[in-house]
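Novice: Here is the input, now give the coordinates:
(chains A and B)
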Amino acid sequence: MIEVTGITKRYGETLAVNDLSFDVKPGQVTGFLGPNGAGKSTTMRMIMGLDNPDAGQAKVNGVTYGSLGWPIREVGALLEAKAIHPGRSARNHLWMLAQTNDIPLSRVDEVLEVVGLASVARKRAGTFSLGMGQRLGIAGALLGDPSVLLFDEPINGLDPEGIRWVRNLLKGLGREGRTVFVSSHLMSEMALTADHLVVIGRGRLIAEMSVDAFIAQSTQQFVRVRTLQPNEFRDAMRNSGATVIQEDDGALSVSGVSAQQIGDIAFDHRLALHELSPQLASLEEAFMELTQDSVDYRGEGSFTAGSTVTHHDDRHTSAGK
Amino acid sequence: MTIITTTIPAPSAPHYRPLGIFRSELTKMRSVRSTTWTLLATIIITVGIGIIATATEAARWAHASSLDRLTFDPTNMSLTGLLFGQIALGILGILVITGEYGTGTIRASLAAVPNRPLFLAAKAAAFALVAVVVGEIVSFGAFFIGQMLIGGSAPHASLGQAGVLRAVAGGGLYLALLGIFALGLGTIIRHTAGAIAAFVGVLLILPALTPALPTSFQNAISKFEPAAIGNAMTTVNTHLQPGNAPTLSPWTGLAVMLGYAALALALGGWRLVRHDA
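Specialist: Okay, the predicted model is just below:
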């Protein structure tokens, strides 16, 4: 269980995290989503007691991180890829962490086996690829068999096989009843891995909901239609309450009715259709729409922390389509 | 896929313990090459320069002036190399902490040990153990080899003589305390290159600047320079060459070195606690 209450972090003029509150519950995978620079890593470091919040607090299993009796037996974290001394072997890296929390050497070999690094356990970590570094970081998180796990962008640098492995590992950890909190800037990845979502942008909470609810809410359906009688088709559609938008390529986008209904209506009006294809707005598009007011670096416009709120409203209206 | 649930034995105490952190710090030192290299350099430089200095001086004995003979200190002479070996051991002291910042390991370390003063204390204790052992080995090694090289009519020292054991043991202790001071500097600065520059600056550049001061200031200040204290702690023959600045007594010197090391560690600890990792 992770409880974040009103945490705020300021770097000079910039508000990296702004009065952020959410809970991460056990027994499921909670995705922590946001564009780059949204404050995900800063929030995770504050949960881990590495950075001090300027206001608010984060608790893990009911206490602040610093009050944990055996920290890495209760909380495991992968915070940075390859945060390893390049001259130290994978086994020694884990062993020096294990010793602080009275974890036996046998456990070090066990987690190396789990992440598939047993054969390179005694090699210097400097020779590792980014993906191997990620696996070693994951081994470090699993070391103390903790009930709470945090992963900051765990699939960065992994090949498809590695990504699938991480996905299954995270789900498995969640099924075992652990609290799993994993950050990503990829909505599509979270849709496959997470059960619940915490979405932030510019350090503020944008949404907290189940993945299913997010998908249902944000995947608006529309149907692409081509016809040689567009005007008659529009009239027929309007009468049945649908919205028709002219696309650049000559096709029409129809929303508000199903493809089957469109086909029936067209038949009733004796209109020939040359295309009738249901479309789904991708999750990625939905996510971008959700967070577009809070993206730090974009091609146009200039943002300052103070002006965000006022920009929000007019952006929303223009963002409709 | 295997999910990881072989049980780890339950901890026997309610809270993580200093001994585990101390062992972890020893593992960290043992498991990187820089430790081997800096310790080897400390040994080779200290003993090697001691050999060169004593052999040269001993060969000159027959022609030495009476003043040179009066101020000759075979113990101190054999420990000349400490002034150079101290840089190698100091670099190890710096790397022990800046290596963690440079690689990002510091976050994993502090996640495992959130009590930062305890973390730094355990790190300093582990380094101190290694530094004292190596410091004493090189100090006694340089002393014995040096005395063997002083032949003929030149006087050589033995541990039984008044003040000699204190001077040789003090040499090792000086080396270790300077290393802890360097560790403190590294904790304050957090960057390897910056910390080494500051360390070398304190050790070599400040003493080079003091001669620009009026003599009275010079005499008041120069005895507090670490290298001057190291010299004072390893001196047996207290006859000074004319013009040499006065030095602290060995025991006062030891106390000042302890103060330097404690101050640097305390400032480093303050920064460690106050600032984000």
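
Novice: Tell me which residue of chain B lies closest to chain A.
Specialist: residue B:104 (3.2 Å; C-beta to the nearest C-beta). (C-beta placed from N, C-alpha, C; glycine too.)

Novice: where's residue A:182, which helix or strand?
Specialist: strand A:179-184 (DSSP states H and E).

Novice: Return the residues in contact with the most centrally placed residue in chain B.
Specialist: By C-alpha atoms, centre = their mean, chain B has its centre lying nearest to residue B:175, at 2.7 Å. Contacts for residue B:175 (C-beta atoms under 8 Å, 6 or more residues apart in numbering or on different chains) come out as B:42, B:46, B:82, B:85, B:86, B:89, B:131, B:134, B:135, B:138, B:139, B:230.

Novice: just to revisit the earlier point, which secondary structure elements does the helix or strand following the strand holding residue A:182 contact?
Specialist: Beyond strand A:179-184 in the direction of the C-terminus, DSSP H and E gives the next helix or strand as helix A:187-193. Secondary-structure packing of helix A:187-193 (3 or more C-beta pairs under 8 Å, 6 or more residues apart in numbering or on different chains; DSSP states H and E): strand A:28-33, helix A:160-175, strand A:179-184, helix A:211-218, helix A:283-291.

Novice: how many other residues sit next to the residue of chain B closest to chain A?
Specialist: 17 (other C-beta atoms under 10 Å in any protein chain shown).

Novice: Give me the pLDDT value at it.
Specialist: pLDDT for residue B:104: 93.

Novice: now swap in residue A:299 and tell me
Specialist: pLDDT at residue A:299 comes out at 53.

Novice: ditto for the one 3 residues further on
Specialist: In the predicted model, residue A:302 carries a pLDDT score of 41.

Novice: which residues are contacting the strand holding residue A:182?
Specialist: A:1-2, A:24-34, A:40-41, A:44, A:47, A:147-155, A:170, A:173-174, A:190, A:193-194.

Novice: and if we set it to 6 Å?
Specialist: Identification of contacts with strand A:179-184 by C-beta atoms under 6 Å, 6 or more residues apart in numbering or on different chains yields A:1, A:24, A:26, A:29-32, A:40, A:148-153, A:170, A:173-174, A:190.

Novice: Among the contacts of residue B:175, name the buried ones.
Specialist: Among the contacts of residue B:175, those buried by neighbour count (16 or more other C-beta atoms under 10 Å in any protein chain shown) are B:42, B:46, B:82, B:85, B:86, B:89, B:131, B:134, B:135, B:138, B:139, B:230.

Novice: want to throw these into a markdown table with secondary structure and pLDDT?
Specialist: Below are those laid out as a markdown table (DSSP: H, G, I helix; E, B strand; the rest coil; pLDDT from 0 to 100):
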| residue | secondary structure | pLDDT |
| --- | --- | --- |
| B:42 | helix | 97 |
| B:46 | helix | 97 |
| B:82 | helix | 96 |
| B:85 | helix | 96 |
| B:86 | helix | 96 |
| B:89 | helix | 98 |
| B:131 | helix | 98 |
| B:134 | helix | 98 |
| B:135 | helix | 97 |
| B:138 | helix | 97 |
| B:139 | helix | 98 |
| B:230 | helix | 95 |
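
Novice: Nearest to residue A:93 among those residues?
Specialist: Nearest to residue A:93 among these is residue B:131, at 23.5 Å by C-beta to C-beta.

Novice: Contacts only, for the closest one.
Specialist: Applying C-beta under 6 Å, 6+ apart to residue B:131 gives the contacts B:176, B:179.

Novice: Do I have it right that residue B:156 meets residue B:148?
Specialist: No - applying C-beta atoms under 6 Å, one finds residue B:156 not in contact with residue B:148, separated by 8.2 Å.

Novice: hang on, residue A:275 in a strand?
Specialist: Yes - counting by DSSP: H, G, I helix; E, B strand; the rest coil, residue A:275 is part of a strand.

Novice: Assign the residue nearest to it when sequence neighbours are not counted to helix, strand or coil.
Specialist: Among residues not flanking residue A:275 along the chain, residue A:226 sits closest, at 3.8 Å (C-beta to C-beta, 6 or more residues apart in numbering or on different chains). Three-state assignment for residue A:226 (three-state DSSP): strand.

Novice: quick one, which of residue B:156 and residue B:148 is more surrounded?
Specialist: Using other C-beta under 10 Å, the more surrounded residue of residue B:156 and residue B:148 is residue B:156, with 18 against 12.

Novice: Is the residue in the stretch 1-150 of chain A that chain B sits nearest to part of a helix or strand, or is it coil?
Specialist: Taking C-beta to the nearest C-beta as the measure, the stretch 1-150 of chain A has residue A:83 as its residue closest to chain B, at 3.2 Å. Classification of residue A:83 by three-state DSSP places it in coil.

Novice: what do you get for residue A:69?
Specialist: coil.

Novice: who's in contact with it?
Specialist: B:14, B:15.

Novice: any chance of the helices and strands packed on helix A:187-193 in JSON lines, plus mean neighbour count and mean pLDDT?
Specialist: Putting the helices and strands packed on helix A:187-193 into JSON lines (neighbours: other C-beta atoms under 10 Å in any protein chain shown; pLDDT from 0 to 100) gives the following:
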{"stretch": "strand A:28-33", "mean neighbour count": "25", "mean pLDDT": "96"}
{"stretch": "helix A:160-175", "mean neighbour count": "17", "mean pLDDT": "95"}
{"stretch": "strand A:179-184", "mean neighbour count": "26", "mean pLDDT": "96"}
{"stretch": "helix A:211-218", "mean neighbour count": "16", "mean pLDDT": "78"}
{"stretch": "helix A:283-291", "mean neighbour count": "18", "mean pLDDT": "73"}
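
Novice: could these be laid out in JSON lines, adding distance to residue A:140?
Specialist: Formatted as JSON lines, the helices and strands packed on helix A:187-193 follow (distance: least, C-beta to C-beta, whole Å):
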{"stretch": "strand A:28-33", "distance to residue A:140": "19"}
{"stretch": "helix A:160-175", "distance to residue A:140": "14"}
{"stretch": "strand A:179-184", "distance to residue A:140": "15"}
{"stretch": "helix A:211-218", "distance to residue A:140": "27"}
{"stretch": "helix A:283-291", "distance to residue A:140": "30"}
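
Novice: Among the buried ones among the contacts of residue B:175, list the two that are farthest apart in space.
Specialist: Longest span within the buried ones among the contacts of residue B:175, C-beta to C-beta: B:134 and B:230, 15.5 Å.

Novice: Which pLDDT value does the model give the nearest residue in space to residue A:10 that is not next to it in sequence?
Specialist: Once flanking residues are discounted, residue A:10 sits nearest to residue A:54: 5.1 Å by C-beta to C-beta, 6+ apart. Looking at residue A:54, its pLDDT stands at 96.

Novice: quick check, distance from the helix or strand harbouring residue B:19 to the centre of its chain.
Specialist: Residue B:19 belongs to helix B:18-30 when elements are defined using DSSP H and E. Its chain's C-alpha centre and that of helix B:18-30 lie 20 Å apart, by C-alpha atoms, centre = their mean, to the nearest Å.

Novice: before we move on, what about stretch B:94-107?
Specialist: Counting by C-alpha atoms, centre = their mean, stretch B:94-107 comes out at 20 Å from the chain centroid.

Novice: Contacts for it next, please.
Specialist: A:50, A:79-80, A:83, A:85, B:34, B:109, B:127, B:182-183, B:186-187, B:190, B:192, B:195-196, B:277.

Novice: Take those residues and keep only those in strands.
Specialist: Among the contacts of stretch B:94-107, none falls in strands (DSSP state E).

Novice: What count of nearby residues applies to residue 40?
Specialist: Just so you know, I chose chain A. 22.

Novice: Sorry, I should have been clearer: chain B.
Specialist: 12.

Novice: State the pLDDT value of it.
Specialist: 97.

Novice: Quickly find the element holding it.
Specialist: helix B:33-60.

Novice: How far away from the center of its chain is that helix?
Specialist: 14 Å.

Novice: Heading C-terminal from it, find the next helix or strand.
Specialist: Next element after helix B:33-60 (DSSP H and E): helix B:66-71.

Novice: Report the mean confidence score over that next one.
Specialist: 87.
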